[in-house]
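Participant: Fold the following, please.
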Amino acid sequence: MMFSKELFGQRLKEIRLNAGETQAQLCEVLSINKSRVSAMEKGINTTTAEKIALICEHYQVSSDYLLGLVDDPRDRLKSKEPRG
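Facilitator: Numbering: from 1, shown residues only. Okay, the predicted model is just below:
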């Protein structure tokens, strides 16, 4: 599966709305301006690993879900068996 800024944006907006928050409230959590949140939700930009971690912690979702690697917000990508 390949990373998609559009899917990242859709999921970010979905989890924000499901939490009943505004873009302004997410801006406060991330210490960024509203235009940056808007650009992320539209799939134009992404953000740093640190801010992704804040989003995941704030909304209690896995980064794998936010990044489009799994479809369940609480799930994580299963790691492969170690080679040996």
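Participant: Quick check: Val61 vs Asp71, distance?
Facilitator: 12 Å (Cβ to Cβ, to the nearest Å). Quick note: C-beta positions are derived from backbone N, CA and C, even for glycine.
Participant: between these two, which one's more packed in?
Facilitator: Under the criterion of other Cβ atoms under 10 Å, the comparison of Val61 against Asp71 puts Val61 first, with 21 against 9.
Participant: Where does the more buried one sit: helix, strand or coil?
Facilitator: coil (DSSP: H, G, I helix; E, B strand; the rest coil).
Participant: pretty sure it is in contact with Leu12, am I right?
Facilitator: No - taking Cβ atoms under 8 Å as the definition, Val61 is not a contact partner of Leu12, at 9.6 Å.
Participant: Name the residues contacting each of these two.
Facilitator: Ile55 (Cβ atoms under 8 Å, 6 or more residues apart in numbering).
Participant: And the helices in this protein?
Facilitator: Secondary structure of the chain by DSSP state H: the helices cover 5-18, 23-30, 34-41, 49-59, 63-66.
Participant: which residues touch Arg36?
Facilitator: Arg36 is in contact with Cys27, Leu30, Asn45, Thr47, counting by Cβ under 8 Å, 6+ apart.
Participant: gap between it and Asp72?
Facilitator: From Arg36 to Asp72 the distance is 27 Å (Cβ to Cβ).
Participant: Just name whatever secondary elements the helix or strand bottoming out on mean pLDDT in the chain is in contact with.
Facilitator: Across the helices and strands of the chain, mean confidence by mean pLDDT, DSSP states H and E is lowest for helix 63-66: a mean of 93. Contacts defined by 3 or more Cβ pairs under 8 Å, 6 or more residues apart in numbering; DSSP states H and E place helix 63-66 against helix 5-18, helix 49-59.
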